[in-house]
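[1] Sequence plus the predicted model coming up.
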Amino acid sequence: MDDKRIDLLVHNIGTLITMRGAPGPRKGAAMSDIGAVGRGAVAIRDGLVVAAGPEDEVIAGLEARGTTAASRLDAGGRLAAPGLVDPHTHLVHGGSREHELALKLKGVSYLDILAQGGGILSTVRATRQATEDELYTKAKKSLDTMLLHGVTTAEAKSGYGLTLEDELKQLRVAKRLDASHPVDLVSTFMGAHMVPEEYKGRSRDYVRLVIDEMMPEVKRQGLADYCDVFCEHGVFSVEESEELLAAARAMGFGIKIHADEIEPMGGAQLAGKLGCVSAEHLIAASDEGLEAMRGAGVIAVCLPATSFNLRLTKHARARAMIDRGMAVALSTDYNPGSSPTESIQLVMTLGCLNLGLTPEETMTAVTVNAACAIGKGDVAGTLEPGKLADLVLFDAPNVAYLPYHFGVNHVHAVVKRGKLVVYDGRLVPEGAR
Ligand SMILES: N=CN[C@@H](CCC(=O)O)C(=O)O
Ligand SMILES: [Zn+2]
């Protein structure tokens with residue numbers, strides 16, 4: 001093999017955000033370092049970055065190796081960033097819940113809708129009824145939308161099946177999509193998303209079912225890397241969450257928790273105590289909870305589209321988290337109830353306006369920190385030699401323009417593993433990649 005070969009040179013980049021830096025999540029003030037380079041270029045071979053930096057240096061490097069690129073992509077002076085990472089989605093599910101909008105407008109709360117057998121439970125019914133192929137087709141459409149918005153790696157949780165077979169069905173769909181779609185998917189088993197209707201009043205029995213039957217089978221089939229639990233009033237208590245996550249950890253899963261979303265439960269403290277890779281939501285997390293997370297290096301995954309859509313007046317205290325030296329990631333929380341949007345760019349806007357992050361911090365939160373929150377920090381989230389050649393070109397003059405000009409899609413092109421998969425804002429057909 002010709003080790004001098006360069007497959008693709010992306011050049012004439014107005015500003016190149018490399019996110020280069022020390023490995024691992026960026027904490028506190030380091031979240032402002034986005035490694036921006038004026039007039040940049042990225043050289044790619046075998047789907048990996050060979051060089052990313054000032055264009056004159058990258059081209060001089062190619063000349064010194066005595067090579068030219070097999071193909072070139074002129075960025076036209078646009079802004080380039082690492083492929084975005086969405087670290088918390090409920091991608092695979094049946095149905096939709098637009099009927100909840102009228103209830104919400106009448107003032108019925110999310111937890112009240114759930115207590116009446118709606119909410120998550122109505123999506124559980126729709127997901128159980130759907131065939132695996134129906135779920136695949138629906139999730140693929142959402143994944144296409146994510147890719148069109150610049151996402152090249154995402155997480156996908158189960159948790160709308162709540163029987164062994166229906167959970168496995170959701171996880172198989174995510175695996176099939178990971179294999180067939182340009183977006184890389186990390187799967188999370190979330191059998192503890194809700195106590196299903198048939199176990200009403202018997203949550204202990206359901207917790208045992210998840211631990212004794214579901215987790216071992218998911219592990220045996222290699223269908224998920226992580227386990228997650230919805231720790232909330234009326235869902236799983238802190239004690240049940242601890243039991244579930246400790247069991248998951250003992251079986252070799254990475255662990256995550258939906259913590260302190262609506263009520264301050266002590267979920268953030270539990271995340272710190274167990275050493276979860278991440279804790280998500282955190283709208284009601286206490287100072288003690290945040291301190292426990294900081295001490296244990298738990299990444300805070302904040303979901304501002306969810307608080308927006310639930311019409312909550314409180315938001316996750318992401319500004320305070322960064323100021324106390326924590327690592328924050330942002331995510332859509334894409335799901336049919338609390339956050340029906342695939343737009344990570346909208347989340348960046350809400351991250352600035354409602355959580356108080358700077359544009360640079362939001363960029364860190366949807367690249368390197370998001371990648372670390374799903375165990376992909378070694379391959380995704382930055383444009384550095386040896387990392388995946390996942391890159392987005394935005395029709396934007398600078399990083400602040402992305403959250404500033406909101407509600408539209410700024411993506412011009414997406415390169416995934418060195419292949420052009422979105423161009424001129426449209427998906428490149430599979431045969432033409
Ligand atoms: N909060 C729990 N789970 C999801 C919502 C699921 C749903 O409403 O269907 C979330 O992260 O927001
Ligand atoms: Zn969620």
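    Arrived safely, thanks for sending. Numbering: from 1, shown residues only. Ligands and ions are numbered 1, 2, ... in the order given.

[2] who in the stretch 201-350 of the chain is up against ligand 1?
    Contacts of the stretch 201-350 of the chain with ligand 1, taken as Cβ under 6 Å from any ligand atom, map to Phe230, His258, Glu261, Thr306, Asp333, Asn335, Pro336, Gly337, Ser338, Ser339. For glycine as for every other residue, the C-beta is placed from the backbone atoms N, C-alpha and C.

[3] Other residues contacting stretch 341-355?
    By Cβ atoms under 8 Å, 6 or more residues apart in numbering, the surrounding residues in contact with stretch 341-355 are 84, 86, 142, 145-146, 149-151, 302-305, 307-309, 315-319, 330-332, 334, 357-359, 361-363, 365-366, 402-404, 406-410.

[4] 6 Å - rerun?
    Stretch 341-355 has contacts (Cβ atoms under 6 Å, 6 or more residues apart in numbering) with 84, 86, 142, 145-146, 149, 151, 304-305, 308, 315, 318, 330, 332, 334, 357, 362, 366, 402-403, 406.

[5] any idea which element the residue of the chain found nearest ligand 1 lies in?
    Of all residues in the chain, Gly337 sits closest to ligand 1, at 2.5 Å by Cβ to the nearest ligand atom. Counting by DSSP states H and E, no helix or strand carries Gly337.

[6] How many neighbouring residues does the closest residue to it other than its chain neighbours have?
    In space, and not counting its chain neighbours, Gly337 is closest to Arg97: 5.1 Å by Cβ to Cβ, 6 or more residues apart in numbering. Residues contacting Arg97 under the criterion other Cβ atoms under 10 Å number 20.

[7] Likewise for Cys276?
    Cys276 is flanked by 28 other residues according to other Cβ under 10 Å.

[8] and the residue nearest to it when sequence neighbours are not counted, what are its bridge partners?
    Closest residue in space to Cys276, ignoring its immediate chain neighbours: Ile255 at 4.8 Å, by Cβ to Cβ, 6+ apart. Counting by DSSP bridges, Ile255 is bridged to Cys227.

[9] Let's see which of the residues of the stretch 201-350 of the chain next to ligand 1 end up in helices.
    The helices, defined by DSSP state H, take in Thr306 from these.

[10] now the residues of the stretch 201-350 of the chain next to ligand 1 in CSV, with pLDDT?
    Formatted as CSV, those follow (pLDDT from 0 to 100):
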residue, pLDDT
Phe230, 97
His258, 98
Glu261, 91
Thr306, 97
Asp333, 98
Asn335, 98
Pro336, 97
Gly337, 96
Ser338, 95
Ser339, 97
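
[11] Just the closest of the residues of the stretch 201-350 of the chain next to ligand 1 to Gly117, please.
    Of all those, Gly337 has the smallest distance to Gly117: 13.3 Å, by Cβ to Cβ.

[12] Need the residues that contact the lowest-mean-pLDDT helix or strand in the chain.
    Lowest mean confidence among the helices and strands of the chain (mean pLDDT, DSSP states H and E): helix 110-115, at a mean of 88. For helix 110-115, contacts defined as Cβ under 6 Å, 6+ apart pick out Glu100, Leu103, Gly119, Gly234, Leu310.

[13] Which of these ranks first by neighbour count?
    If you count neighbours using other Cβ under 10 Å, the busiest of the contacts of helix 110-115 is Gly119, which has 21 neighbours.

[14] Check whether the residue nearest to Gly337 sits in a helix, strand or coil.
    What DSSP: H, G, I helix; E, B strand; the rest coil gives for Arg97 is coil.

[15] Next one: it relative to Pro359, how far apart?
    32 Å (Cβ to Cβ, to the nearest Å).

[16] ditto for Leu62
    Leu62 is 32 Å from Pro359, by Cβ to Cβ.

[17] do Thr163 as well
    In this structure, Thr163 and Pro359 are 44 Å apart, going by Cβ to Cβ.

[18] who's more crowded, those two?
    When Thr163 and Pro359 are compared for neighbours, Pro359 comes out ahead with 19 against 16, by other Cβ under 10 Å.

[19] Next, the more buried one: phi, psi?
    When read as degrees, to the nearest 10, the backbone of Pro359 gives phi -60, psi -40.

[20] residues contacting Ala248?
    The contact partners of Ala248, by Cβ under 6 Å, 6+ apart, come to Met215, Cys227, Ile255.

[21] ok, those vs Met293, which is closest?
    Taking Cβ to Cβ as the measure, Met293 lies nearest Ile255 of the contacts of Ala248, at 13.2 Å.

[22] Check the burial of Arg65 by counting its neighbours.
    Arg65 has 15 neighbouring residues, counting by other Cβ under 10 Å.
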